[in-house]
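Engineer: Mind looking at a prediction? Sequence and model below.
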Amino acid sequence: MYNLPSGLRDFPTEIKILRNKIFSKIEEIFKRFGFDPIETPTIEYWDTLKGKYGEEAENKLIWRFKLPYSDKEYALRYDQTVPLARFFSNHRPALPFKRYVIDKSYRYENPQRGRYREFYQADFDIIGSKNPESDAEILNIVNFIFKEFNFSNYKIIINDREFLRFIFEKNLNINEEKIKKVYTIIDKLDKIGIENVKRELNNVVGELSDKIVEIISLKNQEVIDYLSKYEEISKEINYFNNILDLLNDKSKIEINLSLVRGLDYYTGMIYEAIVEKPKIGSLSGGGRYDNLLKLFTNEEIPAVGGSIGVERLIDAGIELGIFKIDKKTYTEICVIYFEDTFKDAWNICNKLREIGLNCYIDLMRRDFNKQIKYAVDKDIRFLLIVGKKELSENSVLLQDRYTKERIKISINNLEDIYRIVKNRIENSY
């Protein structure tokens, strides 16, 4: 047996069909909000990614490599955002540029449930708008997606990097050497708990650890009330409040000063979406990154975006019973032949395909019972029996396996088969 590298997976047909259904639904939601697709390569030059993600990601997580016959250094994309910035600098689409992409990214993670080395991200970004409605639209999309998939036990945690900078760097005067360590420790709160966070902070900032723990424990209106005491940050608070005012549903929103987000390029609003159970980490995350595009364009171009962690969304949905692995094939009808009727069945199958049915016919010339068994094993609902008796009457026999009903249909009226099959499939959902 040949094994896959750790953190990579095969997907059997039933899982792949479910994944495709979820991807399609997410894509339809993106389009409903006026986003359009792009595609970028899996491989970028290392220089394109370098300096964009922070020390841990660039030293431990990004897949970097050289080829023996090239002096260039390459990397697999770590996310979809930096490739978007590179794409924008090369193609300069009209603003605002609202794009989505559903594609693979790669990180050399420690593989575990919900965390893989090859994984899909469903990204959606708005380039060109510095107004709060663009931030609100990102959050509204996240909320819309979770509702559409019938998640109920989720919340969207939001914060603002400007708040963090003011509190820790300006108000508490934590220097540049220590601030990244502070953010890294706070970012581990869900994993190690508040007492361990306090202990680690004490090793970095000493007595300030008590004050930091007190601040990052604030939530919702407590955050606004605390920050409103400081005139220096009133502009940022007003902007944040304007985002809140534009949200379609605030019931799932939690303002939380402990949310940091690890990537270095965030500049304003940040968010993560999580479910209470299972404990699988964030299912979506993102925020505003107004400085990233300047690294590629030498211009100040605002941007905000989000990403749906599709793998975690699927894993959580399956565990919660929201997603069902119950479809084994896209095939809608199986043409069954016997008594030397293969050629007639072949022609009928191709006509059904032409009028729009997903049609299967056995390619191994197996007997009647084995053809039926295959259709049953694949859970193909409709069978079309083509025998000599039926052909002598210029007809075929349509069987609905679910209802046990059999319908005799003229070969001249194959459109009737299309109508019956499509109507019953649609009505079964």
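Structural biologist: Sure thing, it's come through.
Engineer: For residue 120, identify the helix or strand it belongs to.
Structural biologist: In this structure, residue 120 sits in strand 118-127 according to DSSP states H and E.
Engineer: Show me what that strand is packed against.
Structural biologist: For strand 118-127, the elements it packs on are helix 13-32, helix 81-91, strand 97-106, helix 132-148, strand 303-309, helix 310-319, judged by 3 or more Cβ pairs under 8 Å, 6 or more residues apart in numbering; DSSP states H and E. Heads up, the C-betas are built off the backbone N, CA and C, glycines and all.
Engineer: Which residues does the third one contact?
Structural biologist: Outside of strand 97-106, the residues within contact range by Cβ atoms under 8 Å, 6 or more residues apart in numbering are 23, 26-27, 30-31, 33-40, 42, 63, 76-80, 84, 88, 93, 117-128, 310.
Engineer: what's the answer for the fourth one, then?
Structural biologist: Outside helix 132-148, the residues within contact range by Cβ under 8 Å, 6+ apart are 25-26, 29-30, 33, 96, 124, 126, 154, 156, 158, 239-240, 242-243, 246-249, 252-253, 268-269, 271, 273, 283-284, 286, 288, 302, 304-306, 308.
Engineer: Just the buried ones among those, please.
Structural biologist: Applying a neighbour-count criterion of 16 or more other Cβ atoms under 10 Å, the buried members of the contacts of helix 132-148 are 26, 29-30, 124, 126, 154, 156, 158, 239-240, 243, 246-247, 252-253, 268-269, 271, 273, 283-284, 286, 288, 302, 304-306, 308.
Engineer: Would you mind writing the ChimeraX command to select the buried ones in the contacts of strand 97-106?
Structural biologist: In ChimeraX syntax, the buried subset of the contacts of strand 97-106 is picked out as below (16+ other Cβ under 10 Å):
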select :26,27,30,35,38,40,63,76,77,78,79,80,84,88,117,118,119,120,121,122,123,124,125,126,127,128,310
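Engineer: hmm, back to that, roughly how far out does the strand holding residue 120 sit from the chain middle?
Structural biologist: Here strand 118-127 is found 7 Å from its chain centre; the criterion is Cα atoms, centre = their mean, to the nearest Å.
Engineer: and that strand, what's its mean pLDDT?
Structural biologist: When pLDDT is averaged along strand 118-127, the result is 97.
Engineer: quick check: angle from it to strand 303-309?
Structural biologist: 160 degrees (axes from the mean of the first three to the mean of the last three Cα atoms, to 10 degrees).
Engineer: can I get the CA coordinates of stretch 384-400 in CSV?
Structural biologist: Presented in CSV, the C-alpha positions along stretch 384-400 are these (Å, rounded to 0.1, in the frame of the first residue of the first chain):
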residue,chain,number,x,y,z
LEU,A,384,-35.0,2.0,-17.1
ILE,A,385,-35.7,-1.6,-18.2
VAL,A,386,-35.0,-2.3,-21.9
GLY,A,387,-36.0,-5.9,-22.8
LYS,A,388,-37.2,-7.6,-26.0
LYS,A,389,-40.9,-7.5,-24.8
GLU,A,390,-40.7,-3.8,-24.2
LEU,A,391,-38.9,-3.1,-27.5
SER,A,392,-41.5,-5.1,-29.4
GLU,A,393,-44.1,-2.7,-28.0
ASN,A,394,-41.9,0.3,-28.9
SER,A,395,-41.6,1.1,-25.2
VAL,A,396,-39.4,1.0,-22.1
LEU,A,397,-40.3,0.4,-18.4
LEU,A,398,-39.4,3.1,-15.9
GLN,A,399,-39.1,1.9,-12.3
ASP,A,400,-38.8,4.2,-9.3
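Engineer: So which residues make contact with it?
Structural biologist: 333-341, 344-345, 348, 352, 381-383, 405-412, 417, 420-421, 424.
Engineer: Mind checking which of those residues are in helices?
Structural biologist: 344-345, 348, 352, 417, 420-421, 424 (DSSP state H).
Engineer: Tell me the buried residues within those.
Structural biologist: Neighbour counting with 16+ other Cβ under 10 Å marks 344-345, 348, 352, 417, 420-421, 424 as buried within the ones in helices among the contacts of stretch 384-400.
Engineer: Turn those into CSV, including pLDDT.
Structural biologist: Below are those laid out as CSV (pLDDT from 0 to 100):
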residue, pLDDT
344, 97
345, 97
348, 98
352, 98
417, 97
420, 97
421, 97
424, 94
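Engineer: Look at the nearest residue to residue 278 once chain neighbours are set aside and say how many residues are nearby.
Structural biologist: Leaving out its chain neighbours, the residue that sits closest to residue 278 by Cβ to Cβ, 6 or more residues apart in numbering is residue 319, at 5.1 Å. Using other Cβ atoms under 10 Å, residue 319 has 15 neighbouring residues.
Engineer: Repeat that for the one 3 residues further on.
Structural biologist: Residue 322 has 14 neighbouring residues, counting by other Cβ under 10 Å.
Engineer: same thing with residue 409?
Structural biologist: By other Cβ under 10 Å, the residues close to residue 409 number 17.
Engineer: and if you look at the one 5 residues further on?
Structural biologist: Applying the criterion other Cβ under 10 Å, we find 18 residues in the vicinity of residue 414.
Engineer: That one contacts residue 353, doesn't it?
Structural biologist: No - contact criterion Cβ atoms under 8 Å: residue 414 and residue 353 do not qualify, at 10.7 Å.
Engineer: Name the residues contacting each of these two.
Structural biologist: Counting by Cβ under 8 Å, 6+ apart, residue 414 and residue 353 have no common neighbour.
Engineer: Spatially nearest residue to residue 50 (excluding sequence neighbours)?
Structural biologist: Leaving out its chain neighbours, the residue that sits closest to residue 50 by Cβ to Cβ, 6+ apart is residue 58, at 6.6 Å.
Engineer: Identify the residues contacting that neighbour.
Structural biologist: Contacts of residue 58 (Cβ under 8 Å, 6+ apart): 49-51.
Engineer: same check, this time on residue 172
Structural biologist: 208, 211-212.
Engineer: in the sheet, who's paired with the residue lying closest to residue 34 once chain neighbours are set aside?
Structural biologist: Distances taken as Cβ to Cβ, 6+ apart place residue 98 nearest to residue 34, at 5.7 Å, with adjacent residues excluded. Per DSSP bridges, the residues bridged to residue 98 are residue 126.
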